[in-house]
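Participant: I need the structure of the sequence given here:
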Amino acid sequence: MTFLVLACALPQYGNWWPFFLVAFYLLVPFPLVISKRYGDSSGGTNPCREMAVFITSIMVISAFGLPVILARAPLAAPVIAWGAAWLSITANVIIFLTIMGFFMAFDNDDVDYSMW
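Facilitator: Sure thing, here's the model as predicted:
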(Lines give C-alpha, C1' and ligand atoms only; values in the text may rest on other atoms or scores of the structure.)
Protein backbone atom coordinates (compact mmCIF):
# COMPACT_ATOMS: atom_id res chain seq x y z
CA MET A 1 0.00 0.00 0.00
CA THR A 2 2.96 2.31 0.53
CA PHE A 3 3.83 2.24 -3.16
CA LEU A 4 0.23 3.00 -4.08
CA VAL A 5 0.03 5.94 -1.70
CA LEU A 6 3.36 7.21 -3.06
CA ALA A 7 2.01 6.95 -6.61
CA CYS A 8 -0.87 9.16 -5.55
CA ALA A 9 0.73 11.59 -3.13
CA LEU A 10 4.15 12.51 -4.50
CA PRO A 11 4.16 16.12 -5.73
CA GLN A 12 5.51 15.35 -9.20
CA TYR A 13 2.63 12.92 -9.84
CA GLY A 14 -0.03 14.77 -7.88
CA ASN A 15 -3.37 13.03 -8.38
CA TRP A 16 -5.30 10.23 -6.71
CA TRP A 17 -6.44 8.23 -9.76
CA PRO A 18 -4.16 5.23 -9.01
CA PHE A 19 -5.94 4.80 -5.69
CA PHE A 20 -8.85 3.20 -7.57
CA LEU A 21 -6.74 0.02 -7.55
CA VAL A 22 -7.84 -0.53 -3.96
CA ALA A 23 -11.20 -1.67 -5.36
CA PHE A 24 -9.39 -4.49 -7.19
CA TYR A 25 -7.48 -5.42 -4.04
CA LEU A 26 -10.74 -5.74 -2.13
CA LEU A 27 -12.63 -7.66 -4.84
CA VAL A 28 -9.99 -10.17 -5.95
CA PRO A 29 -10.35 -12.67 -3.07
CA PHE A 30 -14.14 -12.91 -3.25
CA PRO A 31 -14.58 -15.29 -6.22
CA LEU A 32 -12.16 -17.82 -4.71
CA VAL A 33 -13.71 -17.57 -1.25
CA ILE A 34 -17.24 -17.97 -2.65
CA SER A 35 -16.25 -20.92 -4.83
CA LYS A 36 -14.57 -22.60 -1.89
CA ARG A 37 -17.70 -22.17 0.17
CA TYR A 38 -20.25 -23.29 -2.42
CA GLY A 39 -18.19 -25.58 -4.65
CA ASP A 40 -18.23 -29.32 -4.19
CA SER A 41 -15.12 -30.88 -2.77
CA SER A 42 -15.19 -34.01 -4.92
CA GLY A 43 -12.13 -35.11 -6.85
CA GLY A 44 -11.52 -34.07 -10.42
CA THR A 45 -12.34 -30.78 -12.01
CA ASN A 46 -14.59 -28.32 -10.28
CA PRO A 47 -16.38 -25.91 -12.68
CA CYS A 48 -17.21 -23.48 -9.88
CA ARG A 49 -13.55 -23.27 -8.83
CA GLU A 50 -12.35 -22.91 -12.42
CA MET A 51 -14.81 -20.08 -13.06
CA ALA A 52 -13.64 -18.35 -9.88
CA VAL A 53 -10.00 -18.62 -10.97
CA PHE A 54 -10.96 -17.21 -14.38
CA ILE A 55 -12.80 -14.23 -12.86
CA THR A 56 -9.93 -13.62 -10.43
CA SER A 57 -7.38 -13.66 -13.25
CA ILE A 58 -9.48 -11.14 -15.22
CA MET A 59 -9.50 -8.82 -12.20
CA VAL A 60 -5.74 -9.18 -11.65
CA ILE A 61 -4.98 -8.45 -15.32
CA SER A 62 -7.32 -5.46 -15.20
CA ALA A 63 -5.53 -4.14 -12.13
CA PHE A 64 -2.22 -4.28 -14.02
CA GLY A 65 -3.76 -2.70 -17.11
CA LEU A 66 -5.44 0.26 -15.39
CA PRO A 67 -2.22 2.20 -14.55
CA VAL A 68 -0.89 1.65 -18.07
CA ILE A 69 -4.11 2.93 -19.61
CA LEU A 70 -4.17 5.93 -17.28
CA ALA A 71 -0.56 6.74 -18.20
CA ARG A 72 -1.21 6.52 -21.95
CA ALA A 73 -4.62 8.10 -22.49
CA PRO A 74 -5.20 10.75 -23.71
CA LEU A 75 -1.94 11.14 -25.56
CA ALA A 76 -1.82 14.94 -25.27
CA ALA A 77 -2.19 15.04 -21.49
CA PRO A 78 -2.10 11.65 -19.73
CA VAL A 79 -4.14 11.22 -16.57
CA ILE A 80 -1.15 10.01 -14.51
CA ALA A 81 2.61 10.14 -15.02
CA TRP A 82 4.60 7.02 -15.92
CA GLY A 83 6.34 7.14 -12.55
CA ALA A 84 2.98 6.83 -10.82
CA ALA A 85 2.08 3.96 -13.15
CA TRP A 86 5.27 2.08 -12.25
CA LEU A 87 4.70 2.64 -8.55
CA SER A 88 1.13 1.34 -8.96
CA ILE A 89 2.35 -1.75 -10.83
CA THR A 90 4.89 -2.38 -8.06
CA ALA A 91 2.09 -2.12 -5.51
CA ASN A 92 0.06 -4.60 -7.58
CA VAL A 93 2.88 -7.14 -7.60
CA ILE A 94 3.43 -6.93 -3.86
CA ILE A 95 -0.24 -7.01 -2.87
CA PHE A 96 -1.27 -9.78 -5.27
CA LEU A 97 1.69 -11.92 -4.16
CA THR A 98 0.59 -11.33 -0.56
CA ILE A 99 -2.98 -12.40 -1.37
CA MET A 100 -1.69 -15.48 -3.20
CA GLY A 101 0.55 -16.36 -0.25
CA PHE A 102 -2.37 -16.03 2.13
CA PHE A 103 -4.48 -18.41 0.04
CA MET A 104 -1.62 -20.89 -0.26
CA ALA A 105 -0.93 -20.83 3.48
CA PHE A 106 -4.52 -21.16 4.66
CA ASP A 107 -6.04 -23.29 1.89
CA ASN A 108 -5.48 -26.72 3.38
CA ASP A 109 -8.70 -28.59 4.16
CA ASP A 110 -7.13 -31.33 6.25
CA VAL A 111 -7.13 -29.32 9.48
CA ASP A 112 -8.78 -31.18 12.33
CA TYR A 113 -10.84 -28.64 14.25
CA SER A 114 -12.22 -31.25 16.65
CA MET A 115 -8.99 -31.28 18.65
CA TRP A 116 -9.66 -27.76 19.91
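Participant: Please read off the pLDDT at the spatially most central residue of the chain from the model.
Facilitator: With distances taken as CA atoms, centre = their mean, residue 25 lies nearest the centre of the chain, 4.3 Å away. The model reports residue 25 with a pLDDT of 96.
Participant: residues of the helix or strand where residue 102 lies that come out buried?
Facilitator: Assessed by DSSP states H and E, residue 102 sits inside helix 82-105. Under the neighbour-count criterion of 16 or more other CB atoms under 10 Å, helix 82-105 has 84, 85, 87, 88, 89, 90, 91, 92, 95, 96, 99 buried. All C-beta spots, glycine's among them, are computed from the backbone N, C-alpha and C.
Participant: With distance to residue 20 and pLDDT added, can I get the residues you listed in TSV?
Facilitator: Below are those laid out as TSV (distance: CB to CB, whole Å; pLDDT from 0 to 100):
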residue	distance to residue 20	pLDDT
84	12	93
85	13	94
87	14	95
88	10	96
89	14	97
90	16	97
91	12	97
92	12	97
95	14	97
96	16	97
99	18	93
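Participant: Distance from the chain centre to stretch 52-71, please.
Facilitator: Its chain's C-alpha centre and that of stretch 52-71 lie 8 Å apart, by CA atoms, centre = their mean, to the nearest Å.
Participant: Can you point out the buried residues in it?
Facilitator: For stretch 52-71, by 16+ other CB under 10 Å, it's 52, 55, 56, 59, 60, 63, 66, 67, 70, 71.
Participant: any idea how far the third one lies from residue 96?
Facilitator: Distance from residue 56 to residue 96, counting by CB to CB, to the nearest Å: 10 Å.
Participant: With adjacent residues omitted, what lies nearest to residue 63?
Facilitator: Sequence neighbours aside, residue 24 is the residue nearest to residue 63 in space, at 3.9 Å (criterion: CB to CB, 6 or more residues apart in numbering).
Participant: what about the chain, any weak spots by pLDDT?
Facilitator: Within the chain, the segments meeting pLDDT under 70 span 40-44, 108-116.
Participant: Give me the residues contacting stretch 27-43.
Facilitator: The contact list for stretch 27-43, computed with CB atoms under 8 Å, 6 or more residues apart in numbering, reads 46, 48-49, 51-53, 55-56, 59-60, 63, 96, 99, 103, 107, 109.
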